[in-house]
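[1] return atomic coordinates for the entry below.
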Amino acid sequence: MPALSPNKRILMVEDTASVAALYKSYLNPLDVDVTIVGKGQDALTFFEQEGDQLALIILDLRLPDMSGIDVLAKVRAVAPDLPVIIMTAHGSIDAAVDAMRHGANDFLIKPCEADQLRVTVNKSLKPKSSHQSKTSKPESEYHGFIGSSLPMQAVYRVIESAAPSKATVFITGESGTGKEVCAEAIHAASTRSNKPIVALNCAAIPKDLIESELFGHVKGAFTGAAAEREGAAEMAHGGTLFLDEICEMDMDLQSKLLRFIQTGSFQKVGSSHVKNVDVRFVCATNQDPWLQVQQGKFREDLYYRLHVIPLELPPLSARGDDVLAIANALLAVFSAEEGKDFCRFSDEVADLLLRYDWPGNVRQLQNVIRNIVVLHNGEEVSKEMLPSPVNRVSGAEIASPQHNAGSEVTTSAFSPNHLVTRESSDSTPSSLSKADIEPLWKIEKRAIEAAIDVCNGNIPQAAGLLEVSPSTLYRKLQAWQKTAANE
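    Predicted coordinates:
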């Protein structure tokens, strides 16, 4: 990697001295001058005194005296163009989105490798031309992804930072969120893009064949092995090996995979000859990998080998208007494939697509659009064309003020507009008046907002406390925000 010009001053705000010293050593090849402080107030004092000489701030999100977001906000108030990279060991896509909302240029999740840190710093220190700054727009398409929502912008930045490195990326996310697309994007953005990316689905291959699929076999190695065969590891030489559903891999094979990762060498099934290959590993799962470790289904040492750069893909319900962008792109593709004339959605259909929870994520949306195009004709998609359950009224719509205001008050426990009391649980019905009765959606809204506030804006954590899925909270928040905007 070419070194930057000397005398580029960087302020690193990191409260763990050993970590700060390690990361400072990672940056030595860049010929930069790194100053380390351990507290937010010390960072602000240094910034007040020497901020005009700084080229970059690397800021830990959790500091002993204040939040890194608070430091970022005060820096941004004075220096809106100074590059700031957020670093956090407690981070996720949610933390990255929050940091980017407050003006961070990029983010890294600790622990990070030397190459990953250097690439991210190098990119942040590169000067941007005035033409670039005026014409730059949020990316709506990125190596196969469609959408420019903040959660996806955070994903794109992780890919950009991680792609040039050989560090393993561990992709997690709900089924249908696009983990294979993400692996292909990492490969496409890397220096290995001119070599193959080979995908191996560890859940789709029988247990007794997966070793052969991964490492290959020689003729006669087992019944049916009529000829020698290359495995995925050998086919991916010089490129990327994508191990999908990695947590489904058999425990015996996990130990062989660990050795392969450590040494880059393997033996074909039935062979004593050792082969060496150069591959970059990307793996994915729709499960919680650490939970699989705790349950004894995934080797802990393999977890630490693979879980170098974690990348969590957001559910479709958390991506806002990306739903329509993806739906329009799919409508155009499928219409061309099927020879149909569809080119738009009605306003009612667009609203339903945005309100729906999408438990199957992008894969479900893809199936819905395919269903519409195959079974119907026309230029505009109408509500009658939507398959069930997308054409049903969503829970968020039922909970909206307009829906409640237009409905008759009922005391049935099974009514969507079932009312509950504002008073504490020891209040008796005889002591209540109509003024004391409150719609259920308002109580639910207060409970959700209180949980999010307690969790400092971390929606997945709030969802855990409320014992619901994060996508449910995202959907309800979006519905309430839309309702407020229309009032």
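
[2] G176 - that's part of a helix, no?
    No. Read with DSSP: H, G, I helix; E, B strand; the rest coil, G176 is coil and lies in no helix.

[3] any idea how many residues pack against it?
    Residues near G176, counting by other C-beta atoms under 10 Å, number 20. No exception for glycine: its C-beta is placed from N, CA and C like everyone else's.

[4] what residues are up against it?
    Counting by C-beta atoms under 8 Å, 6 or more residues apart in numbering, G176 touches 316, 360-364.

[5] distance of it from E384?
    Going from G176 to E384 by C-beta to C-beta, to the nearest Å gives 26 Å.

[6] same question for E180.
    Distance of E180 to E384, computed by C-beta to C-beta: 34 Å.

[7] compare these two (neighbour count), which wins?
    Applying other C-beta under 10 Å to E180 and E384 shows that E180 carries more neighbours, namely 16 against 9.

[8] got the contact list for stretch 361-368?
    174-178, 315-316, 323, 326-327, 330, 353, 358, 360, 386-387, 390.

[9] buried residues in it, which are they?
    For stretch 361-368, a neighbour-count test (16 or more other C-beta atoms under 10 Å) marks 361-362, 364-366, 368 as buried.

[10] ok, stretch 341-357 next?
    342, 345, 349-357.

[11] ok, so of the buried residues of stretch 361-368, who is nearest V279?
    Nearest to V279 among those: V362, at 27.4 Å, using C-beta to C-beta.

[12] and the helix or strand harbouring the closest one, how far out from the chain's middle?
    If you go by DSSP states H and E, V362 is part of helix 361-375. Relative to its chain's centre, helix 361-375 lies at 23 Å (C-alpha atoms, centre = their mean, to the nearest Å).

[13] just stretch 461-472 next, same as before
    For stretch 461-472, the distance from its own C-alpha centre to the chain's C-alpha centre is 17 Å (C-alpha atoms, centre = their mean).

[14] and the contacts of that stretch?
    In contact with stretch 461-472 (C-beta under 8 Å, 6+ apart) are residues 174, 315, 317-318, 357-359, 447-448, 451-452, 454-455, 459-460, 473.

[15] 7 Å instead?
    315, 317-318, 357, 448, 451-452, 455, 459-460, 473 (C-beta atoms under 7 Å, 6 or more residues apart in numbering).

[16] next one: stretch 317-324
    146-147, 149, 151-152, 316, 350, 353-354, 357-358, 365, 471, 474-475, 478.

[17] just those: which are in helices?
    Counted as lying in helices by DSSP state H, out of those, are 151-152, 350, 353-354, 365, 471, 474-475, 478.

[18] can you say which two of those are spatially most distant?
    Taking C-beta to C-beta, no two of the ones in helices among the contacts of stretch 317-324 sit farther apart than P151 and A350, at 20.3 Å.

[19] just the strands in the stretch 201-350 of the chain please.
    Using DSSP state E, counting those that start in this stretch, the strands found in the stretch 201-350 of the chain span residues 216-217, 229-230, 240-244, 265-267, 274-276, 280-285, 309-312, 344-345.

[20] looking at the ones you listed, which is closest to P111?
    strand 309-312 (9.6 Å).

[21] which residues sit against that closest one?
    Under C-beta under 7 Å, 6+ apart, the answer for strand 309-312 is 92-93, 109, 116, 155, 158, 162, 167-173, 182.

[22] let's see it at 8 Å
    92-93, 109, 112-113, 116, 155, 158-159, 162, 165, 167-173, 182.

[23] centre of the chain to it, how far?
    With C-alpha atoms, centre = their mean, you get 7 Å for strand 309-312.

[24] follow-up on the earlier one: want to try JSON lines for the ones in helices among the contacts of stretch 317-324, with distance to Y142 as columns?
    Below are the ones in helices among the contacts of stretch 317-324 laid out as JSON lines (distance: C-beta to C-beta, whole Å):
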{"residue": "P151", "distance to Y142": "13"}
{"residue": "M152", "distance to Y142": "8"}
{"residue": "A350", "distance to Y142": "23"}
{"residue": "L353", "distance to Y142": "21"}
{"residue": "L354", "distance to Y142": "21"}
{"residue": "L365", "distance to Y142": "18"}
{"residue": "S471", "distance to Y142": "22"}
{"residue": "Y474", "distance to Y142": "21"}
{"residue": "R475", "distance to Y142": "24"}
{"residue": "Q478", "distance to Y142": "22"}
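
[25] of the residues you listed, which is the nearest to A77?
    For the ones in helices among the contacts of stretch 317-324, the minimum distance to A77 (C-beta to C-beta) is 25.6 Å, reached by P151.

[26] the closest one: what's its closest spatial neighbour, skipping adjacent residues?
    P314 (3.9 Å; C-beta to C-beta, 6 or more residues apart in numbering).

[27] now for that neighbour, how many residues are close by?
    P314 has 27 nearby residues by other C-beta under 10 Å.

[28] distance check, it against R76.
    With C-beta to C-beta as the criterion, P314 and R76 are 25 Å apart.

[29] returning to what we had before: now do the helix or strand following the helix holding V362: which elements does it pack against?
    Going down the chain from helix 361-375, the next helix or strand is strand 380-381, by DSSP H and E. Under the contact definition 3 or more C-beta pairs under 8 Å, 6 or more residues apart in numbering; DSSP states H and E, strand 380-381 sits against strand 344-345.

[30] which strands or helices does the strand it packs on pack on?
    helix 322-338, strand 380-381.

[31] name the surrounding residues that touch the last one.
    Read it as strand 380-381. Under the contact criterion C-beta under 8 Å, 6+ apart, strand 380-381 has outside partners 331, 342-346, 349, 372.

[32] again, but for stretch 254-263
    With C-beta under 8 Å, 6+ apart as the test, stretch 254-263 has contacts from 168, 211, 214-215, 233, 243, 249, 265-266, 276, 281, 298-299, 301-302, 305-306.
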